[in-house]
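[1] everything below, folded, please.
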Amino acid sequence: ASTVELNRRYASELEQMRLQNLSIGGIVAKSTAMQRVLEMAARIATVDSTVLVMGESGVGKEVIANNIHSISRRKDQAFIKINCGAIPENLLESELFGYAGGAFTGAKKEGKPGMFELASGGTLFLDEIGELPLSLQVKLLRMLQEKTLVRVGGTKPISVDVRVMAATNRDLPKMVRQGTFRDDLFYRLNVFGIQIPPLRQRREDLPPLLHSILGRFNEKYGMEKRFSPAAAECLLNYDWPGNVREVENLVERVVV
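    Sure, this is the predicted structure:
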């Protein structure tokens, strides 16, 4: 083979290896925009800084956070997720920070550790951080600055070694301007900000994504379904407002 052919073959193999490395955790990253996201995630994984993952609903914010954890030095420790928008405000504080014995009626007499303590040594992923009430934003900021927390009803500071990652589909800078999200907390969380683009802005990811998801559900249900050319064209021209989550839901439905 000529030198030109060999060089071309090596370049092709290197590109293939690069794409395999960039498809961590089942994320399809053919588009330049998504490759940048994964390259940044790989870089961020080597340090312990706080990360804020932003993007529309269904783009894969939790998957990216999970990937960062899985290639970080904390990979063998806990990865704990808590949805700040799904837990009532009066319960969220004790879920996050724990409570001291006898803190309230019905409390265990020995108290209970919260998610920050349970995730110590590992990573805590705060989903829908934009839903966090202002009173808890203050407490979270203090925890991030001092690496200690005080349980609800307690007085003793407890040291925690936890990496915090947060995610939101809301416009946090706008919330800061409106006074519904603390600017100091926003800057503390946004040490590393990752913006995941929606599917309609990275259409070259759609064909391999559809193929990958179809393969997964074919395997799950013991089928060998394929997209007809007309169906594929229809799927590729759609804007997918629900992003990857919508693709998964729809493909599973049509396979079944």
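
[2] so what's the gap between the host helix or strand of Arg216 and the chain middle?
    If you go by DSSP states H and E, Arg216 is part of helix 206-221. Here helix 206-221 is found 21 Å from its chain centre; the criterion is CA atoms, centre = their mean, to the nearest Å.

[3] buried ones in that helix?
    The neighbour-count check on helix 206-221 (16 or more other CB atoms under 10 Å) flags Leu206, Leu209, Leu210, Ser212, Ile213, Leu214, Phe217 as buried. Every C-beta, even on glycine, is put in place using the N, C-alpha and C of the backbone.

[4] what's next to stretch 244-256, contact-wise?
    The contact list for stretch 244-256 (CB atoms under 8 Å, 6 or more residues apart in numbering) reads 57-60, 199, 206, 209-210, 213-214, 217-218, 221, 223, 225, 231, 240, 242.

[5] quick one: average confidence on the helix or strand harbouring Glu248?
    For Glu248, the element it lies in under DSSP H and E is helix 243-255. Averaged across helix 243-255, the pLDDT comes to 95.

[6] the residue nearest the centre of the chain: what's it in contact with?
    Nearest residue to the geometric centre of the chain (CA atoms, centre = their mean): Glu62, 2.4 Å. By CB under 8 Å, 6+ apart, the contact list for Glu62 reads Lys81, Phe125, Asp127, Ala167.

[7] same check on Leu149?
    Counting by CB under 8 Å, 6+ apart, Leu149 has contacts Phe97, Gly98, Gly114, Phe116, Glu117, Lys139, Arg142, Met143, Pro157, Ile158, Val160.

[8] and the contacts of Glu62 as JSON lines, adding secondary structure?
    Output for the contacts of Glu62, formatted as JSON lines (DSSP: H, G, I helix; E, B strand; the rest coil):
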{"residue": "Lys81", "secondary structure": "strand"}
{"residue": "Phe125", "secondary structure": "strand"}
{"residue": "Asp127", "secondary structure": "strand"}
{"residue": "Ala167", "secondary structure": "strand"}
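
[9] ok, the residues you listed vs Val53, which is closest?
    Of all those, Val53 sits closest to Ala167, with 4.3 Å by CB to CB.

[10] surely that closest one touches Ala65?
    Yes: using CB atoms under 8 Å, Ala167 is in contact with Ala65, at 6.4 Å.

[11] mutual contacts of these two, please.
    Joint contacts of Ala167 and Ala65 (CB under 8 Å, 6+ apart) are Val53, Phe125.

[12] no more questions from me, cheers.
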